[in-house]
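>>> attaching a predicted model along with its sequence, questions to come.
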Amino acid sequence: MAITFTMPSAVNAAAVSFTPQPQLNGGFVVGRVPLQTVGNITLPRGRAYFKANMLEITAVPEWQFDRQQVLSGPILKCWSSIDGKNASINGIAYFQDGEFLKYIDDNTPDKVVTNDHVYSGQITAMKNGLLEVTSDSGMAQQVSIAQVQQIVSPRAYSFSVPVTAFLSVPQGEPISGESTSVSLKPTSKMIALAAVKHDPIMKGDGDISGKKLATVWAGLSTVEVLQFLPLVILQGPVRRELLRQYHSRMNQQDNFVNIQSQLGLRYQDSTLAPGANPLQPF
């Protein structure tokens with residue numbers, strides 16, 4: 001009998017919400033959205049985790065189940081575009097941590113472009129609706145986030161999340177809905193493709209492909225295969241033997257209780273785990 005494994009191909013929509021914060025960085029985003037690529041790099045089971053004013057990018061290496069943080073950092077600027085129930089959440093994230101930071105941080109100065117000025121240096125802080133840009137000479141300048149038109153930095157990535165809103169709301173109002181993907185693009189130099197290909201995180205997606213499943217299945221013996229099957233589908237000698245052992249243990253327990261009762265001993269039911277010290281008769 002041939003056994004066929006069907007792997008899910010559809011991507012489930014994820015809940016996402018946007019709350020305008022005009023006095024801070026423009027807005028807060030909350031949701032875990034599937035992420036296929038970072039620039040032109042395909043992430044194995046990638047995901048963008050929006051935590052209000054933070055963004056974490058994760059992936060799952062092959063043959064593993066735990067997510068690994070790829071990039072993480074604050075959202076410097078965020079805004080929404082609403083057209084009925086079709087909306088998008090857009091912004092710029094500034095990555096400061098993660099396994100891939102070594103591939104994008106080349107000490108190139110950050111450039112913050114406003115309506116009438118270009119600030120060059122390093123983005124060193126964000127608070128109360130202001131960005132702090134420290135120049136090479138050590139002078140810190142405060143830049144209004146509302147005036148920022150563009151940020152060019154190897155650490156800065158623009159994102160866009162298409163959203164199907166639950167309700168039609170006016171522009172500038174909070175929105176909530178569902179999204180199946182997010183695009184993430186660098187504002188400056190791309191991630192070094194050759195270096196990323198050799199990173200252990202990029203060696204797989206944490207799921208076993210159909211080809212690998214067929215190979216694993218072919219190498220298992222009949223006994224080993226049965227260990228993967230639910231108990232309810234085991235038939236014949238295997239199931240009968242398990243039932244026999246179960247009833248045998250139950251009969252031994254009943255006989256033990258009957259003998260103790262005949263001797264005049266009583267035992268209190270114990271809530272302790274199996275193997276713990278039994279209670280003494282009383």
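Good, I have the coordinates.
>>> could you list the low-confidence segments of the chain?
1-11, 63-64, 204-282 (pLDDT under 70).
>>> switch the cut-off to 50
1-10, 205-206, 208-210, 213, 216-217, 223, 225-226, 228-236, 239, 266-282 (pLDDT under 50).
>>> compute the first-to-last residue distance for stretch 148-159.
For stretch 148-159, the first-to-last residue distance is 16 Å (CA to CA, to the nearest Å).
>>> typo on my end, stretch 104-119
OK, stretch 104-119 end separation, CA to CA: 21 Å.
>>> repeat that for stretch 147-156.
Termini of stretch 147-156 sit 17 Å apart (CA to CA).
>>> where along the chain do the helices fall?
Along the chain, the stretches classed as helices by DSSP state H are 101-104, 193-197, 210-218, 222-226, 237-262.
>>> wait, residue 161 sits on residue 15?
No. At 11.6 Å, residue 161 does not count as touching residue 15 under the criterion of CB atoms under 8 Å. (C-beta placed from N, C-alpha, C; glycine too.)
>>> list the contacts for residue 131?
Counting by CB atoms under 8 Å, 6 or more residues apart in numbering, residue 131 touches 76, 112, 123, 125, 142-145, 148.
>>> most neighbours out of the residues you listed, which is it?
With neighbours taken as other CB atoms under 10 Å, the top of the contacts of residue 131 is residue 112, carrying 25 neighbours.
>>> which residue packs closest to that one, ignoring adjacent ones?
Distances taken as CB to CB, 6 or more residues apart in numbering put residue 119 closest to residue 112, at 4.4 Å, once the chain neighbours are dropped.
>>> quick check: that neighbour vs residue 131, distance?
From residue 119 across to residue 131, the span is 8 Å (CB to CB, to the nearest Å).
>>> find residues that contact each of these two.
112, 143.
>>> next, the buried residues of the lengthiest strand in the chain.
If you go by DSSP state E, the chain has its longest strand at strand 68-83. Buried residues in strand 68-83, counted by 16 or more other CB atoms under 10 Å: 68-80, 82.
>>> equivalent analysis for stretch 82-100, please.
For stretch 82-100, by 16+ other CB under 10 Å, it's 82, 87-95, 98-100.
>>> distance between the ends of that stretch?
End-to-end for stretch 82-100, by CA to CA: 33 Å.
>>> repeat that for stretch 167-185.
Note: stretch 167-185 ends 29 Å apart using CA to CA.
>>> and residue 80, how far is that from residue 99?
Counting by CB to CB, the gap from residue 80 to residue 99 is 30 Å.
>>> so what does the longest strand of the chain touch, helix or strand wise?
If you count contacts as 3 or more CB pairs under 8 Å, 6 or more residues apart in numbering; DSSP states H and E, strand 68-83 packs onto strand 14-21, strand 26-34, strand 54-59, strand 86-94, strand 118-127, strand 148-152, strand 156-165.
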